[in-house]
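have a look at this prediction, sequence included:
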Amino acid sequence: MSLGQHLLELRKRLIIAAAGLLVGMIVAFVISGPVIDLLTVPIAQIAAEHGHDYTKLNFDTVTSGFDLRMRIAFSIGLLISAPVWLWQLWAFVMPGLTRKEVRYTIGFLGAAIPLFAAGLYVGWLIMPHMILLMAGFVPGGEGVAQFYGYSAYYDFVFKLLLVVGVSFVTPVFLVALNIAGVISGRAILKGWRVAIIVIAVFAAAATPAADITSMLLLGGILCVLYFAAAFLSLLFDRRRAKRQPVLLPPGPEA
């Protein structure tokens, strides 16, 4: 294909991907009301526990409600339409890949997508505990009112879910770097002490201090994924070493 044909193909794929995203956003916009109700459950719990009648999600501008619904529609619509735009991206890139690269890419996506979804689910379970923990630092009293700005509240929830989701996919990136020859499985396994410290700090920061069970659960899952990535990388290194030709020393027999 010529450069012009590639550009026409890219435009076609982008239009289909954008159409899929638009349909996903429309569906997500329709269900944005129940999603907002779910997001505000921790706020209602804080108001009930602390007796703050003015603990609410605050919409401080005329267009705040529409803006929040559009943000939710884009985030959820991006997930709903993922099969469409991922397939369009794959259909555009696949003709330029070798059979080996196609096999590795399918394996990478097949592992990364379920792990990212699992990370989102775990982050959703952690999110209410984080909000309740942070609310505990707000001083009580008659003159205290706790308002949650809709924009900052949404950004907090979105970033928390994204960070936990990406953390679940990190072992897949380690395996991908090993396949590319950037890092060996022995090097990944050698850094297990640092990895456990980083995982423990992340799990402690992402879960409430009083909820030891959630911290251990999150940290245990990440540790298992890390050592699974190290084990797979060692297997790939062994297979790669067996395929390398053996160089004989110079001599009459050689």
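Great, that's in hand. Just so it is clear, the structure is predicted and the values come from calculations on it, not from any experiment. Residues are numbered from 1 along each chain as shown.

what segments of the stretch 151-254 of the chain are helices?
Assigned by DSSP state H, counting those that start in this stretch, the stretch 151-254 of the chain shows helices spanning 185-190, 192-206, 212-243.

show me which helix runs longest in the chain.
Assignment by DSSP state H gives helix 99-135 as the longest helix of the chain.

what's the first helix or strand after that helix?
Sequence order places strand 147-149 as the next helix or strand after helix 99-135, per DSSP states H and E.

hang on, the earlier thing: do you know which of the helices of the stretch 151-254 of the chain lies nearest A91?
Nearest of the helices of the stretch 151-254 of the chain to A91, taken as Cβ to Cβ: helix 212-243 at 27.6 Å. Quick note: C-beta positions are derived from backbone N, CA and C, even for glycine.

state the mean pLDDT of that closest one.
On average, the pLDDT along helix 212-243 is 83.

quick one: low-confidence ranges for the stretch 1-150 of the chain?
1, 50-54, 140-145 (pLDDT under 70).

same thing but 80
Along the stretch 1-150 of the chain, the model assigns pLDDT under 80 to residues 1-4, 6, 46-55, 93, 95-98, 100-101, 104, 129-130, 132-146.

out of the helices of the stretch 151-254 of the chain, which gets nearest to S151?
helix 192-206 (21.7 Å).

tell me the helices and strands packed up against the closest one.
Counting contacts by 3 or more Cβ pairs under 8 Å, 6 or more residues apart in numbering; DSSP states H and E, helix 192-206 is packed against helix 99-135, helix 150-179, helix 212-243.

what's the most buried one of those helices?
helix 150-179 (a mean of 18; mean count of other Cβ atoms under 10 Å).

chain center to that helix, what's the gap?
Remark: helix 150-179 is offset 3 Å from the chain centroid, using Cα atoms, centre = their mean, to the nearest Å.

relative to helix 192-206, how tilted is it?
With axes from the mean of the first three to the mean of the last three Cα atoms, to 10 degrees defining the directions, helix 150-179 sits at 170 degrees from helix 192-206.

and helix 150-179, what does it pack against?
Packing partners of helix 150-179 (3+ Cβ pairs under 8 Å, 6+ apart): helix 32-39, strand 56-58, helix 64-80, helix 99-135, helix 185-190, helix 192-206, helix 212-243.

give me the contacts around the third one.
By that I understand helix 64-80. Residues outside helix 64-80 that contact it (Cβ atoms under 8 Å, 6 or more residues apart in numbering): 21-29, 31-33, 35-36, 59, 61, 150-151, 154, 158.

also stretch 94-111?
The contact list for stretch 94-111, computed with Cβ under 8 Å, 6+ apart, reads 86, 90, 172, 175-176, 179.

residues in contact with G219?
199-200, 202-203.

let's see it at 7 Å
G219 makes contact with 199-200, 203, according to Cβ atoms under 7 Å, 6 or more residues apart in numbering.

if I look at P128, how far off is I46?
10 Å (Cβ to Cβ, to the nearest Å).

correction: the previous question concerned I72.
Counting by Cβ to Cβ - I72 and I46 are separated by 21 Å.
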